[in-house]
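A.B. asks: Pasting the sequence and the predicted model now:
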Amino acid sequence: MALTLFGIVNCDTVKKARLWLRDAGIAHDFHDYKKAGIDDGRLRGWVGEVGWQALLNRAGTTFRKLAPAEQADLDEARAIALMLAHPSLIRRPVLQGGQLLLVGFKPDIYAEALADQMQPAR
């Protein structure tokens, strides 16, 4: 299964996920939101699978810098519009491949989901 890790290069959690994938010997591509953005169809697919609440990063600097009117009364349509306009609002990282979609990084969840792809330690 071809995997893509979506995130931002300088995000500490993304760095941890990339290192974990590398150390586990799991091939993946990296998609940087800052450089490449995110397309509407992919984002809507993620929202359909995990919900906009799981994807919208309300704890980050980007959300806190939004005007109070943009932060208030969020619903799916408004959240998607904000994430498309400001991809840094998407929780990081997102790992996608085949039927797999993981939001955030927890080593034990990655290990369980990717056990069949992990390379034995040398």
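C.D. replies: Structure received. Since this is a predicted model, take the numbers as computed values, not measurements.

A.B. asks: residues making contact with the helix or strand harbouring Ala111?
C.D. replies: In the assignment (DSSP states H and E), Ala111 maps to helix 107-113. For helix 107-113, the external contacting residues (Cβ atoms under 8 Å, 6 or more residues apart in numbering) are Ala17, Trp20, Leu21, Ala24, Leu95, Leu100, Leu102, Met118. (Glycine included, C-beta is placed from N, CA and C.)

A.B. asks: most surrounded residue in the residues you listed?
C.D. replies: Neighbour counts for the contacts of helix 107-113, by other Cβ atoms under 10 Å, peak at Ala17, which reaches 25 neighbours.

A.B. asks: Name all residues that make contact with that one.
C.D. replies: Neighbouring residues of Ala17 by Cβ under 8 Å, 6+ apart: Leu5, Gly7, Pro93, Leu95, Phe105, Tyr110.

A.B. asks: residues near the third one, how many?
C.D. replies: So the one you mean is Pro93. By other Cβ under 10 Å, neighbour count at Pro93 equals 26.

A.B. asks: Any chance of the backbone angles for it?
C.D. replies: phi -80, psi 170 (degrees, to the nearest 10).

A.B. asks: who's in contact with it?
C.D. replies: Leu5, Phe6, Gly7, Cys11, Thr13, Val14, Ala17, Arg18, Gly104, Phe105.

A.B. asks: could you redo the last one with a cut-off of 10 Å?
C.D. replies: Taking Cβ atoms under 10 Å, 6 or more residues apart in numbering, we find Pro93 in contact with 4-8, 11, 13-18, 21, 30-31, 33, 102-105.
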